[in-house]
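Below is the sequence, then the predicted model.
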Amino acid sequence: MTLHRVNWQLWSGFLLSIFAFVSYPTLFVQWPVTRDLPWVNVILFLVALVLLFFGLRRAFGPGRGMISRFGAVVLGLISIASLSLFILVAFVAATWLPKSEAAPKVGARAPDFVLTDSKGEKVSLAELRGSSDTRGVLLIFYRGYW
């Protein structure tokens with residue numbers, strides 16, 4: 001009976017693919033450069049796939065048992081499933097959001113609204129536009145994520 005060494009390529013690829021899947025919503029979504037296009041996660045998945053490929057080659061090499069091969073296939077399938085789910089959520093599902101037909105077009109006049117200012121008083125956009133000491137109104141819209 002011979003003892004085989006741990007298939008580090010397979011395990012590294014598996015753990016890296018899980019990290020790539022989990023790190024986007026927990027870490028990389030904080031910065032616009034990695035939120036808008038998850039390029040870091042794509043690179044992590046590519047490195048994980050290369051490691052998985054070499055790990056699967058090693059698992060199906062000569063002298064490996066059936067249990068080793070079965071475990072390698074299971075880890076590979078879980079990694080591929082995490083990559084597929086990531087692609088579905090990050091790239092495909094984003095196109096499923098409905099288009100807002102009622103949204104103002106670029107350059108169009110903003111519709112009137114009323115908000116509370118920092119002193120707790122109601123202020124309307126029409127009131128700001130009609131004021132004699134106001135030359136214009138600058139509206140800033142934040143994307144969210146706070």
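On my side now, so go ahead.

Which residue, neighbours along the chain excluded, lies closest to residue 90?
Taking CB to CB, 6 or more residues apart in numbering, and ignoring the residues beside it in sequence, residue 90 has residue 38 as its nearest neighbour in space, at 5.4 Å. Backbone N, C-alpha and C define where each C-beta goes, glycine included.

Let me know the pLDDT of the most centrally placed residue in the chain.
Nearest to the centroid of the C-alpha atoms of the chain, with distances taken as CA atoms, centre = their mean, sits residue 24, at 4.5 Å. Residue 24 is assigned a predicted lDDT (pLDDT) of 92.

before we move on, which element is it in?
helix 8-26 (DSSP states H and E).

Quick one: list the elements packing against that helix.
Under the contact criterion of 3 or more CB pairs under 8 Å, 6 or more residues apart in numbering; DSSP states H and E, helix 8-26 touches helix 39-59, helix 66-87.

how far away is the residue of the chain positioned farthest from its centre from residue 125?
In the chain, residue 132 marks the outermost C-alpha relative to the chain mean, sitting 46.8 Å out by CA atoms, centre = their mean. Summarising the geometry, the distance separating residue 132 from residue 125, computed by CB to CB, to the nearest Å, is 16 Å.

mind saving the C-alpha coords of stretch 102-122 as PDB?
This file holds the C-alpha atoms of stretch 102-122, laid out as PDB (Å, rounded to 0.1, in the frame of the first residue of the first chain):
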ATOM      1  CA  ALA A 102     -41.000  56.900 -17.200                       C
ATOM      2  CA  ALA A 103     -37.400  57.900 -16.400                       C
ATOM      3  CA  PRO A 104     -36.400  61.400 -17.600                       C
ATOM      4  CA  LYS A 105     -34.300  61.400 -20.600                       C
ATOM      5  CA  VAL A 106     -30.800  63.000 -20.700                       C
ATOM      6  CA  GLY A 107     -31.100  66.800 -21.000                       C
ATOM      7  CA  ALA A 108     -34.800  66.800 -20.100                       C
ATOM      8  CA  ARG A 109     -36.200  68.900 -17.300                       C
ATOM      9  CA  ALA A 110     -36.400  67.100 -14.000                       C
ATOM     10  CA  PRO A 111     -39.900  66.400 -12.700                       C
ATOM     11  CA  ASP A 112     -40.900  68.300  -9.600                       C
ATOM     12  CA  PHE A 113     -40.500  66.700  -6.200                       C
ATOM     13  CA  VAL A 114     -40.500  67.700  -2.500                       C
ATOM     14  CA  LEU A 115     -37.800  66.700   0.000                       C
ATOM     15  CA  THR A 116     -36.900  67.600   3.500                       C
ATOM     16  CA  ASP A 117     -33.700  69.600   3.900                       C
ATOM     17  CA  SER A 118     -31.100  69.400   6.700                       C
ATOM     18  CA  LYS A 119     -33.200  71.700   8.900                       C
ATOM     19  CA  GLY A 120     -36.300  69.500   8.600                       C
ATOM     20  CA  GLU A 121     -38.100  72.000   6.300                       C
ATOM     21  CA  LYS A 122     -39.900  70.900   3.100                       C
END
